[in-house]
Every structure is written in C-alpha cells, then in structure tokens.
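Q: Here is my input, please return the structure:
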Amino acid sequence: MRWYSKIAAAALAAILQACATAPVAAPPPAAAPAPAVAEQRPPVTILVSIDGFRADYLTRGVTPNLSRLAAGGVTAPMHPSFPSKTFPNHWTLVTGLYPDHHGITANKMEDAARPKEVFTMMSDDPFWWNAAAPIWVDAEKAGIRTATEFWPGANVAIGGAKADKWPYQIQGGTRPSDWAQFNQAIPGKQRVRAVIDWLRRPAATRPKFLTVYFDTIDNAGHMYGPDDARTTDAVADIDRTIGRLLDGLAELGQPANLVIVADHGMAQTSGKRAISIGKFLEAKDYHLVESGPYLSLIPTPGREAAVEKALLGKHAHFECWRKAEIPARFHYGTNPRIPPIFCLAETGWQIGEKDIDPDRIDGTHGFDNMSPEMTALFIANGPAFRPATLPAFTNVDVYPLLRDLIGLPPKAGVDGTDAPFRDALVK
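A: Alright, predicted model coming up:
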C-alpha cells in the first residue's frame, strides 16, 4: 500500500472512531409549561337555613365551625316573625314581608277562595304563594342565576297557575334556574355536595345566589325537646355539615358571603302543660284550623256569639282575640287566611282538642316571637362583612341584606330594612 493510501486509511479510521465515541448533542430542554392561573372567582351568596336552631345552641360547646364563623363575622339574636312557624318564617326570610302580608300565614291554612282545599307543607300550587315574590324571582329577572337545594316554596312556579284538571300542569311562573324537590331522606352531606357541584360549573352557568336547608335539629327538638342530649348531638352533627361546606368552598377557591339563619327557636313542652278546648266549647260550635302553641278556629254559623263569650280574653296560660284585635306588635291579623278567632298559649303550653299524655316531654315552636326560647340563629360571614355583634332584630331585615349582597336595588313596599347591618358591611 502506498504511503498516501496508508495515510488516507488512517484518517478514515480516525474519523470513524470519532463518530463512534463522540457524545450525541442533547436537544435543548423544552420550555417548562406556564403555571396554571387560578380562576379569580367573584364571591357568591349562600343562604343557609338550619331549621329550629335556637340562638343559644351556639353556646353548648359543640359548634366549632359555626362559632368560628360567628367570631369572625356578624352575629346577633334574631327574632322570628309571628307566628314562629317554619313556612311563614322561611317565606319572610326571602320576601322581607311579615306572614300577614306575604300570605303564608301558617303551616296549615284555609282560604275562602278555595273552600275545598287546605294548605299544608306539601302544597306547591302557586295560588297559595303568589302574593309575594321571593328573592330568586327578582334575581332571575335581573340575570342573576340562582339555585336552591331545598327551601320552602323554592319548588313553586311563582306567578304561575295550576290547571284545574289532570294532569294539573303549571302554566307560567318563575323558579330558580336550579332547584330540587324536598326529600327529608337526603342527608346533609349530600345537600352540601349539591351546592358544591353547582359551584364547580363554568362561570356562565354557575349560580351567584344559592340556598341550602337542613331540618335535623328541628326534628330532634320536636322529638326530644331542646334540652335533651340528643338535640345537642344533632347540633354537633350540623356543625360538621357546615364544616363540609366550608371545606368544599376552600377546595374550589370560591369566596362566599354566608348568611346562616334559623326560622325559629324551640321551647320545651310537656303533657302536663296542655289545655283542652273541650272545656270551653262543644265540638259543634266551631271548625278547628290549627292547634298547638296557638289555636285558630272558625265559629259555626250562628254560634259566633257563644264562641266569643267562651274564649275571648285572658285565661290561665292562654289568651284569645278576634283576628282584628290581635296585638299590633305581632303584625298579624289582617290577612283573610287567618281564622276569625285566634288563641295564643303561654310559652311552653299547648292548646288543642285532644288530651296529651301527661308524661310526654318534647318541644315545639309557634309561641310569642319575642319569647327567648323562640330566638333564632343569625350568622353572616364573608368578604362583605366586618366582625360585629349586633343588637337583636326581626327576620324581615334579612331580605334587604340579601338584595345588597347579590347586587339588587332596594325594593319598595317590604317590611324589612338593611339598617341593622349597614355598619357591619364592608364599604
């Protein structure tokens, strides 16, 4: 081999060796993905009802979540409207009107315009509800999306009409964008899950005003009385449920103005504190509409004078009036659905047609709305509020506060005002 061939061969070998051993240049590193920008969610307003949560249940040492919200927000003793019953007060909270004005005057009612019907807590015919529009109606009309995980009346098409023939379809009316038919069997944690699921939605379909309702404390209070340990256990359980709601909001990064209320308190009752109307009237003298902490009745035609003579005035542990003469402080007695004769028992007593087992001990409500036992829970906490303990107020004032929180203008003609809360609102 010639020398230049040897040189060429050597050069070629060197090049091949270099190719075999030289490191392959690594590609430039890919740019790191930009961190996801968390959605800046505007606050929502959540109205929470804990049925039957007497104000002083908060002092029993079993409510760390509610107590923390109260300490960091706004709290006050809240008087229910009269009568201190569930449906009248839930409708007051969302209309700003006394029951005498919004038409849901009792849990059980009759109306001369529908002589063959009786309103009960199952009634969803708009006829009974149309005298007042709840806050979600005005909100929906203003383009503010609403959702209700239970609230008395939230399943009713307000402003609509029910057909008088099968299948009794409802024509017209307004409901929340999302609502659920009440089912007592649905546990609190599932009710919270529904609220959180609504808030997971994209902004375009996410509700800005929501309600959620819990009934287990009221059930326990009725069954066992407010002082029973089992009622305190129910209070502790609801506090844990409120904790789940707070955790869900935190996980979503969802700021919320929480307005937590009760419709009324609860009083201890006993079969030893019961009055029978049979001691004053014969059954043929009247038609009974309601009984318990109060009694309302319609005298049989021709027996009006006898009924009034037997009942009107003060008696041991109760007092009776003609409806037009019910004391003005109750804001009650002008609505046509209120029966002509109304009797109110002393707090802790009951009046009715039937005898009660003298050994029976339980609880109820419906008494004088200014009675301490009827005082209801009120807590407000969120970015709209500064910490404050307020003087006692009546629950007609909650509705104007809710309008402020969701951006609706004040509404003329309501019984409530936002005045109690103005100094506690962040300007």
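
Q: Assign a three-state SS to the residue positioned nearest the centre of the chain, would you?
A: Nearest to the geometric centre of the chain sits Ser49, at 2.9 Å (Cα atoms, centre = their mean). Look at Ser49: counting by DSSP: H, G, I helix; E, B strand; the rest coil, its state is strand.

Q: Dig out what it forms beta bridges with.
A: Using DSSP bridges, the beta-bridge partners of Ser49 come out as Tyr213, Val261.

Q: my guess is it contacts Asp263, does it?
A: Yes. Using Cβ atoms under 8 Å, Ser49 is in contact with Asp263, at 6.4 Å. For the C-beta atoms, the positions are set from N, CA and C on the backbone; glycine is no exception.

Q: okay, and the common contacts of these two?
A: 90, 93 (Cβ atoms under 8 Å, 6 or more residues apart in numbering).

Q: how about the residue nearest to the centre of the chain, what does it touch?
A: If you count contacts by Cβ under 8 Å, 6+ apart, Ser49 has them with 90, 93, 151, 211-214, 261-263.

Q: between these, which is nearest Phe182?
A: Nearest to Phe182 among the contacts of Ser49, counting by Cβ to Cβ, is Tyr213 at 7.7 Å.

Q: Per-residue pLDDT of that closest one, please?
A: pLDDT, the model's per-residue confidence, is 98 for Tyr213.

Q: That one: how many residues sit nearby?
A: Tyr213: 21 surrounding residues under other Cβ atoms under 10 Å.

Q: Ala204 too?
A: Other residues within reach of Ala204, judged by other Cβ under 10 Å, total 6.

Q: Likewise for Ala419?
A: Neighbours of Ala419 (other Cβ under 10 Å): 11.

Q: ok, so what distance separates it from Val396?
A: Ala419 sits 11 Å away from Val396 when distances are taken as Cβ to Cβ, to the nearest Å.

Q: Sketch out the low-pLDDT regions of the stretch 1-150 of the chain for me.
A: Where the stretch 1-150 of the chain drops to pLDDT under 70, the residues are 1-38.

Q: same thing but 80
A: 1-39 (pLDDT under 80).

Q: How are the helices of it distributed by residue range?
A: 3-21, 64-71, 86-95, 99-102, 126-129, 135-141 (DSSP state H, counting those that start in this stretch).

Q: packing partners for the fourth one?
A: Using 3 or more Cβ pairs under 8 Å, 6 or more residues apart in numbering; DSSP states H and E as the contact criterion, the elements in contact with helix 99-102 are helix 86-95.

Q: ok, now the third one?
A: Judged by 3+ Cβ pairs under 8 Å, 6+ apart, the packing partners of helix 86-95 are strand 44-50, helix 99-102, helix 135-141, helix 398-406.

Q: Of the ones you listed, which is nearest Glu319?
A: Of the helices and strands packed on helix 86-95, the one closest to Glu319 (Cβ to Cβ) turns out to be helix 99-102, at 18.4 Å.

Q: starting at the chain centroid, how far to the closest one?
A: Offset of helix 99-102 from its chain centre (Cα atoms, centre = their mean, to the nearest Å): 18 Å.

Q: For that helix, which outside residues touch it?
A: With Cβ under 8 Å, 6+ apart, helix 99-102 has contacts from 81-83, 88-89, 91-92, 95, 105-106, 131-132, 331-335, 338, 415.

Q: try 7 Å this time
A: With Cβ atoms under 7 Å, 6 or more residues apart in numbering as the test, helix 99-102 has contacts from 81, 83, 88, 91-92, 95, 105, 131-132, 331-335, 415.

Q: Ramachandran coordinates for Asn395?
A: phi -70, psi -10 (degrees, to the nearest 10).

Q: what's the burial count for it?
A: By other Cβ under 10 Å, neighbour count at Asn395 equals 25.

Q: Next, Leu408: secondary structure please.
A: Per three-state DSSP, the local secondary structure of Leu408 is coil.

Q: Actually, Glu308.
A: Glu308 is classified as helix under three-state DSSP.
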